[in-house]
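>>> Build the 3D model from these lines:
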Amino acid sequence: MSNSVFRFKRFAVEQSGAAMKVGTDGVLLGAWARVEPSQKSFLDIGTGTGVIALMLAQRASDITAAGVSVDAVEVDEGSARQAEENVAASPWKDMVKVYGMSVQEFYREHAGERYDHIVSNPPWFVSSLRSPDRGRTRARHTDALPYDDLLGSVAVMLADGGRFSVVIPTDSEPLFMETAAAAGLGLSRRTAVFTLPGTSPKRVLLELALRKDCPAEPSSDTLTVETGEHAGDYTEEYRRLTADFYLKF
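The predicted structure follows:
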């Protein structure tokens with residue numbers, strides 16, 4: 001395999017043709033999102049290389065004998081092709097299906113679909129400098145997928161009792177949650193992600209649900225990625241969370 005391949009324990013991800021490469025945030029989301037035996041249908045919005053969809057497929061297949069499906073939506077043409085290739089080369093090629101379209105198009109074409117768990121590592125930057133690479137700009141900026149479009153689609157496609165898991169920058173959380181509330185979604189679970197001890201959290205993992213399915217008191221905790229003692233020295237909690245995927249753990 002070439003250097004453009006990111007190897008996990010049970011699958012590999014070719015990323016040379018994708019607008020965005022495999023990163024810590026996507027892997028965190030794929031490992032953190034709750035996967036339960038009762039969940040049969042999953043949707044990954046903005047799948048990129050397909051890494052989160054494949055992580056969900058691995059986890060779901062480990063606890064459920066059959067009947068699980070993972071749909072993955074990607075608007076960038078090159079990334080969608082890459083995701084299809086990665087799925088075809090994986091052990092879960094019959095479980096995961098990639099759709100090369102925007103979530104807005106997918107929502108219109110699959111209006112009757114309901115999912116037990118929806119995940120997304122969405123575009124983050126609401127206003128900042130654009131990259132000259134159009135695919136990278138589309139993957140990183142909210143222009144093509146505004147929060148109200150994302151959350152409005154999720155609210156309609158989420159099954160009763162379903163969950164929506166997402167990773168976003170901490171400073172985007174107030175706007176994101178305000179938009180979620182307007183769409184009829186509420187907070188179920190929250191994890192603030194610290195890169196190093198003693199720093200401010202730059203990312204937050206959120207689990208949302210339809211308001212009627214939300215607990216009175218959402219759970220809240222923190223996760224620290226590195227110990228800070230030596231470069232590349234990871235905390236035990238981060239190792240436990242990602243141990244089924246990273247080769248180094």
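
>>> All the helices of the protein, in order from the start?
Counting by DSSP state H, the chain has helices at residues 24-32, 51-63, 77-88, 103-109, 134-140, 147-157, 173-182, 236-242.

>>> and the ones you listed as CSV, adding distance to residue 9, mean neighbour count and mean pLDDT?
Every C-beta, even on glycine, is put in place using the N, C-alpha and C of the backbone. Below are these laid out as CSV (distance: least, CB to CB, whole Å; neighbours: other CB atoms under 10 Å; pLDDT from 0 to 100):
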stretch, distance to residue 9, mean neighbour count, mean pLDDT
helix 24-32, 12, 21, 96
helix 51-63, 9, 24, 97
helix 77-88, 15, 20, 96
helix 103-109, 30, 17, 93
helix 134-140, 26, 18, 44
helix 147-157, 30, 20, 95
helix 173-182, 32, 16, 97
helix 236-242, 10, 15, 97
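
>>> So for residue 39, which of those helices sits nearest?
Closest to residue 39 of those is helix 51-63 (CB to CB; 6.9 Å).

>>> what's near enough to touch the spatially closest residue to residue 196 that is not a sequence neighbour?
Excluding the flanking residues, the one nearest residue 196 by CB to CB, 6 or more residues apart in numbering is residue 228, at 4.5 Å. Taking CB atoms under 8 Å, 6 or more residues apart in numbering, we find residue 228 in contact with 196, 197, 198.

>>> Please list all residues in contact with the last one.
The reference is to residue 198. By CB under 8 Å, 6+ apart, the neighbours of residue 198 are residue 228.

>>> hmm, try it at 10 Å
Contacts for residue 198 (CB atoms under 10 Å, 6 or more residues apart in numbering) come out as 224, 228.

>>> I'd assumed residue 190 was in contact with residue 205.
Yes. Residue 205 lies in contact with residue 190 (CB atoms under 10 Å); the separation is 7.1 Å.

>>> Common neighbours of these two, please.
Shared contacts of residue 205 and residue 190 (CB under 10 Å, 6+ apart): residue 221.

>>> which one of those two has more residues nearby?
Of the pair residue 205 and residue 190, residue 205 is the one with more neighbours under other CB atoms under 10 Å, namely 21 against 17.

>>> Show me the beta-bridge partners of the more buried one.
Listed by DSSP bridges, the beta-bridge partners for residue 205 are residue 167, residue 191.

>>> State the distance from it to residue 87.
24 Å (CB to CB, to the nearest Å).

>>> returning to that earlier point: minimum distance to residue 97: which of the helices of the chain has it?
Closest approach to residue 97 among the helices of the chain is made by helix 77-88 (7.8 Å; CB to CB).

>>> Who are the packing partners of that closest one?
Here helix 77-88 is seen to pack against strand 12-14, helix 51-63, strand 69-73, strand 96-99, helix 134-140 when contacts are counted using 3 or more CB pairs under 10 Å, 6 or more residues apart in numbering; DSSP states H and E.

>>> Only C-alpha atoms, please: export that helix in CSV.
Presented in CSV, the C-alpha positions along helix 77-88 are these (Å, rounded to 0.1, in the frame of the first residue of the first chain):
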residue,chain,number,x,y,z
GLU,A,77,-17.2,13.8,-6.2
GLY,A,78,-13.6,12.7,-5.6
SER,A,79,-14.2,11.9,-2.0
ALA,A,80,-17.4,9.9,-2.8
ARG,A,81,-15.4,7.8,-5.3
GLN,A,82,-12.7,7.3,-2.7
ALA,A,83,-15.2,6.3,-0.1
GLU,A,84,-16.8,3.8,-2.5
GLU,A,85,-13.4,2.2,-3.2
ASN,A,86,-12.6,2.0,0.5
VAL,A,87,-16.0,0.4,1.3
ALA,A,88,-15.5,-2.1,-1.6
